[in-house]
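Novice: sequence and predicted structure are below.
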Amino acid sequence: MKPVAALALLLLSSAQLQATPESRTSVTTSSLATLTRESLEQAKIWGLSEQEWSRFREIQAGPRGYWSPGLDPLTTLGVEARSDAERQRYAELQVRLEAQRAERELAYQNAYADAWARLYPGQLPIRGLSDAPRASPATPRLALFAASDCAACLNRVRQLQASDTPFDLYLIDSQGDDRRIRDWARQAGLEPERVQRRQITLNHGQEPWARLGSQGTLPASFRQVNGQWQRLD
């Protein structure tokens, strides 16, 4: 290789080596900026400051993240509040957010009921296992597990409807047959309007009941609190 060409190659390699740390620094700075923007956007969604979001992430990385995985930021900060003022702030933020969520869900629920009544008049809507109702942290719904040959279950359903209590009915021996649930609902005297408004929902109950270990006799009332089923009777 000629001396001039060798010198040029050496100078090029040296320039590349010198530029590498700067390039790495630029990439790192860009990555941090992206993370900061994402954190600010997430904090804004929940009504939190950047400092509060950082504290939420710190709490997540500690024992609370192990005890309550998937807990939302406001509940996490409220449970781990360092003062009454903090606890009150997060409670009020969560109540406002829950109220907005409930308003949007109610609007969609009404639209869904109107669409069902228009497209499938005379039929009761049935929820599938993948579309099981999710309880709100503020007002968890009652889940009632029943069987088609259970007279006490019929009486319990009638009592709940008479008391205007929203609940999710799971028929544990429906065998995935929508018609079987509808027939049982008619036998129980469930009002179609309440089912269409989702004040009462009809569900196949095999999977959740099996997951609960078939606890005790029927009917069985449960509420889902922090992702855990709690029996009420």
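Specialist: Perfect, I can see it now.

Novice: in which helix or strand does Ala117 reside?
Specialist: Assessed by DSSP states H and E, Ala117 sits inside helix 84-119.

Novice: average pLDDT for that helix?
Specialist: The average of the pLDDT scores along helix 84-119 is 83.

Novice: now stretch 152-167
Specialist: On average, the pLDDT along stretch 152-167 is 92.

Novice: contacts for stretch 163-174?
Specialist: The contact list for stretch 163-174, computed with Cβ atoms under 8 Å, 6 or more residues apart in numbering, reads 127, 132-133, 141-149, 157, 160, 180-181, 184-185, 190, 199-206, 208-209, 218. Yep, even glycine has a C-beta here, placed from its N, CA and C like the rest.

Novice: go through those residues and flag which are in helices.
Specialist: Under the assignment DSSP state H, the contacts of stretch 163-174 contribute Val157, Leu160, Arg180, Ile181, Trp184, Ala185, Gln206, Pro208, Trp209 to helices.

Novice: I'd say the first one and Leu144 touch.
Specialist: Yes - assessed by Cβ atoms under 8 Å, Val157 is found in contact with Leu144 at 6.8 Å.

Novice: mind listing the shared neighbours of those two?
Specialist: Joint contacts of Val157 and Leu144 (Cβ under 8 Å, 6+ apart) are Leu169, Pro219.

Novice: could you list the domains of this structure?
Specialist: The record's domain parsing of the chain by automatic domain parsing lists 47-121, 123-231.

Novice: just the terminal-to-terminal distance for the shortest one.
Specialist: End-to-end distance for domain 47-121: 43 Å, by Cα to Cα, to the nearest Å.

Novice: which residues of the chain fall in strands?
Specialist: For the chain, applying DSSP state E gives strands covering 142-146, 167-171, 200-204, 220-225, 228-231.

Novice: turn those strands into TSV, including mean neighbour count and distance to Gly78.
Specialist: Putting the strands of the chain into TSV (neighbours: other Cβ atoms under 10 Å; distance: least, Cβ to Cβ, whole Å) gives the following:
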stretch	mean neighbour count	distance to Gly78
strand 142-146	23	25
strand 167-171	24	27
strand 200-204	23	29
strand 220-225	18	16
strand 228-231	12	19
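
Novice: wait, which of the ones you listed is closest to Gln109?
Specialist: Closest of those to Gln109 is strand 200-204, at 10.6 Å (criterion: Cβ to Cβ).

Novice: how far does the closest one sit from the chain's center?
Specialist: With Cα atoms, centre = their mean, to the nearest Å as the basis, strand 200-204 stands 18 Å off its chain's centre.
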